[in-house]
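Enquirer: here's a sequence, model it:
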Amino acid sequence: MKLYAISDLHVGHAENMAFVRSLRGEPGDWLILGGDLGERVAELTAVFEAVTQHFAKVFWVPGNHELWSHDGLRGQAKYQALIEVCRAFKVVTPEDPFVEWPGSQGALVIVPMFLLYDYSFRPASVARENAIEWAAEQQSVCSDEAVLRPDPYPSREAWCDARVAATARRLEALPPTARTILVNHFPLRQAHAVLPRIPHFSMWCGTVQTDDWHRRYRAEVVVYGHLHLPRTFVDEGVAFEEVSLGYPRERVHRAPPTMRQIWPRR
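Expert: The predicted structure follows:
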């Protein structure tokens, strides 16, 4: 039995949807979907229809693209609509109880999280009030500014703060001996939000509030996506796995796409 992960499926691209339909595991394997499956409820539904036939348990966390208001839903209302789709397919979400890895007797739990970002992944020399202008100078303003609404929160920062606080409370309630596999669409550490071609885009990549969560919550593995740069960091003894599929044009010079084995560690 194995736990796999992949994110940033962007199934609005036909080539990516075909790849998703090809995903297979051995009987009993589990799959983490790390966000940005698509931009509409129907795209999320299509992914779940494909993968839940071939994996014994599926986990999902939202990316920023899923939260875009293309379905006429905004903010928390869009997120809740996605949660209802997950529940129809028995997909585990950030709103569900944490799931224990079989055979671990509570010692290893899988933690899907929805934390968002708060623009704190920016240079210390850039003030928050100047941050969007700073990014715009390099044509690096994220589309979220136009289509990811935080309703009913007054800002994306406020929504992020609420999600971080609520998730931390749940993690603090875990037994002190429990180890974790932390799953979030965005990187937990600013040091991992490395985008060589568009460095200013890092502002939309996470929050410094989670910089020590891999230590504080005893992570064995941290799974994330968003950057479209699949790679593995081992940081302070913890494996950080960026598991993006990304857009077809980004894979021209890469090895054929595949899922990443997360557990057991190889």
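
Enquirer: just the buried residues of stretch 223-242, please?
Expert: 223-228, 230, 233, 238-242 (16 or more other CB atoms under 10 Å). (Glycine included, C-beta is placed from N, CA and C.)

Enquirer: cool, stretch 16-31 as well?
Expert: Buried, per 16+ other CB under 10 Å, within stretch 16-31: 16, 17, 19, 20, 21, 23, 25, 29, 30, 31.

Enquirer: where's the dip in pLDDT among those residues?
Expert: The lowest pLDDT within the buried residues of stretch 16-31 belongs to residue 25, with 92.

Enquirer: next up, the contacts around it.
Expert: Contacts for residue 25 were tallied using CB atoms under 8 Å, 6 or more residues apart in numbering; they are 2, 4, 31, 54, 55, 56, 259.

Enquirer: switch to 10 Å and redo it
Expert: 1, 2, 3, 4, 31, 51, 54, 55, 56, 259 (CB atoms under 10 Å, 6 or more residues apart in numbering).

Enquirer: separate out the buried members of those residues.
Expert: 3, 4, 31, 51, 54, 55, 259.

Enquirer: of the residues you listed, just say which sits nearest to residue 66.
Expert: residue 51 (15.4 Å; CB to CB).

Enquirer: so the closest one touches residue 86, yeah?
Expert: No. Between residue 51 and residue 86 there is no contact, the gap being 11.9 Å when judged by CB atoms under 10 Å.

Enquirer: return every residue with contacts to both of those two.
Expert: 33, 58, 60.

Enquirer: beta partners for the last one?
Expert: By that I understand residue 60. Going by DSSP bridges, residue 60 is paired in beta bridges with residue 33.

Enquirer: all helices of the stretch 1-150 of the chain, in order?
Expert: 14-22, 41-51, 75-88, 131-136, 144-147 (DSSP state H, counting those that start in this stretch).

Enquirer: could you pull out the buried residues of the third one?
Expert: Neighbour-count burial for helix 75-88, with 16+ other CB under 10 Å as criterion, is recorded at 75, 76, 78, 79, 82, 83, 85, 86.

Enquirer: re the thing from before, nearest to residue 187, of the helices of the stretch 1-150 of the chain?
Expert: Comparing those by CB to CB, helix 144-147 comes nearest, at 15.9 Å.

Enquirer: where does the chain dip in pLDDT?
Expert: Counting by pLDDT under 70, the chain contains no low-confidence residues.

Enquirer: stretch 78-96 spans what distance, first to last residue?
Expert: 17 Å (CA to CA, to the nearest Å).

Enquirer: what's in contact with stretch 171-181?
Expert: So stretch 171-181 is contacted by 3, 5, 32, 59, 98-101, 104-113, 182, 213-214, 216-223, 239, 241, 262-263 (CB under 10 Å, 6+ apart).
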